[in-house]
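Undergrad: quick one, fold the following:
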Amino acid sequence: MSVETLVIIACAYFVAAFVKGATGLGFSTSALPILALGLGLKAAMPLVIIPSLVSNAIVMKQAGHFSETIRRFWPMFLATIPGLLLGLAILDVIDSLIAGATLGVVLIGYGAFTLLRPGQPMSDALGRRLAPVSGFLTGLINGMTGSQVMPVLPFLLALRLDPQRFIQAINISFSLSSVIMALGLAKLGLMTAESVWISLLGLVPVYAGTRVGGIVRQRMNAATFRQVVLLVLIAFGMVLVSKTALA
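TA: Numbering: from 1, shown residues only. Got it, this is the predicted structure:
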């Protein structure tokens, strides 16, 4: 890779880690738009796997309630796997610009939903019935676009979990998706030794970005900063969609 490409990757890692440290937003969701704009979505997707897993592991250890969360949401986690496999199969045959536009639509939807927070609390009974549906659709969108947040994020928010259980549940979903995604991308020939080494080296800006983001979180109004970040993600999504429209 050229020096320019490596700089783009390092900047994407730092920005995504900064966003996660400051606001709690997903690493992959923040990194992918920058990487996709510079490298294309298919080349970008393998580069977020290892940094995402590392950041997820740290958060999961802090959150606790791991066994309890597995017992409650195992149907959702299990249903993510076939959705991911189908999404990866679709990714293998669709044009990279279309995949990027799909990611753009997901980011716009994610940003708009998180800003507006619509809907009423969901009952536990309805949550149990919809959990496998949420898992499958999350896996499908993840496989096609690399984004892990839809629709698992609004589904878990609707259950009104306490913050630690919410963080644990969504990060288990993120981590499972990342592991399956790594295997699927390797089979498609997209997860290479080069991307692994770049990801490992990228842990340096990831660590730095997370630390700086944590400092900002302590000194800035978190709600205001989250709104700014969500607006930026929506803007990234619009750029990805417009690239396909203008192609």
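Undergrad: my read: G202 touches Y13, true?
TA: Yes - between G202 and Y13 there is a contact at 4.5 Å, judged by Cβ atoms under 8 Å. No exception for glycine: its C-beta is placed from N, CA and C like everyone else's.
Undergrad: can you work out which residues contact both of those two?
TA: Common contact partners of G202 and Y13 (Cβ atoms under 8 Å, 6 or more residues apart in numbering): P51.
Undergrad: all helices of this structure, in order?
TA: Taking DSSP state H to define them, one finds helices in the chain at 3-23, 27-39, 41-44, 49-63, 66-93, 96-116, 124-145, 152-158, 163-187, 193-201, 203-219, 222-246.
Undergrad: make TSV from these and add mean neighbour count and mean pLDDT to it.
TA: Putting those into TSV (neighbours: other Cβ atoms under 10 Å; pLDDT from 0 to 100) gives the following:
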stretch	mean neighbour count	mean pLDDT
helix 3-23	21	86
helix 27-39	24	82
helix 41-44	22	82
helix 49-63	19	83
helix 66-93	18	93
helix 96-116	20	81
helix 124-145	20	92
helix 152-158	21	86
helix 163-187	20	88
helix 193-201	15	88
helix 203-219	17	83
helix 222-246	16	77
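Undergrad: chain center to stretch 231-239: distance?
TA: Relative to the chain's own centre, stretch 231-239 is displaced by 15 Å; criterion: Cα atoms, centre = their mean, to the nearest Å.
Undergrad: ignore what I typed, I meant stretch 168-179.
TA: 9 Å.
Undergrad: show me the contact partners of that stretch.
TA: Outside stretch 168-179, the residues touching it (Cβ under 8 Å, 6+ apart) are 26, 28, 49, 52-53, 56-57, 59-60, 63-66, 69-70, 72-73, 76-77, 80-81, 84, 135, 138-139, 142, 148, 152-153, 156, 161.
Undergrad: if you set the cut-off to 7 Å instead, what comes out?
TA: 26, 49, 52-53, 56, 59-60, 63-66, 69, 73, 77, 80, 84, 138-139, 142, 148, 152-153, 156, 161 (Cβ atoms under 7 Å, 6 or more residues apart in numbering).
Undergrad: got it, and stretch 129-148?
TA: Counting by Cβ under 7 Å, 6+ apart, 26, 28-29, 32, 41, 45, 48, 73, 75-88, 90-91, 99, 102-103, 106-107, 150-152, 155, 173-174, 177, 181, 184 sit against stretch 129-148.
Undergrad: and the closest residue to F155 other than its chain neighbours, how far from I58?
TA: In this structure, F155 finds its nearest non-sequential neighbour in S134, 4.1 Å apart by Cβ to Cβ, 6 or more residues apart in numbering. To I58, S134 is 25 Å away according to Cβ to Cβ, to the nearest Å.
Undergrad: please tell me how far the residue sitting furthest away from the middle of the chain sits from A131.
TA: The outermost residue of the chain relative to its centre, with distances by Cα atoms, centre = their mean, is A125 at 27.2 Å. Counting by Cβ to Cβ, the gap from A125 to A131 is 11 Å.
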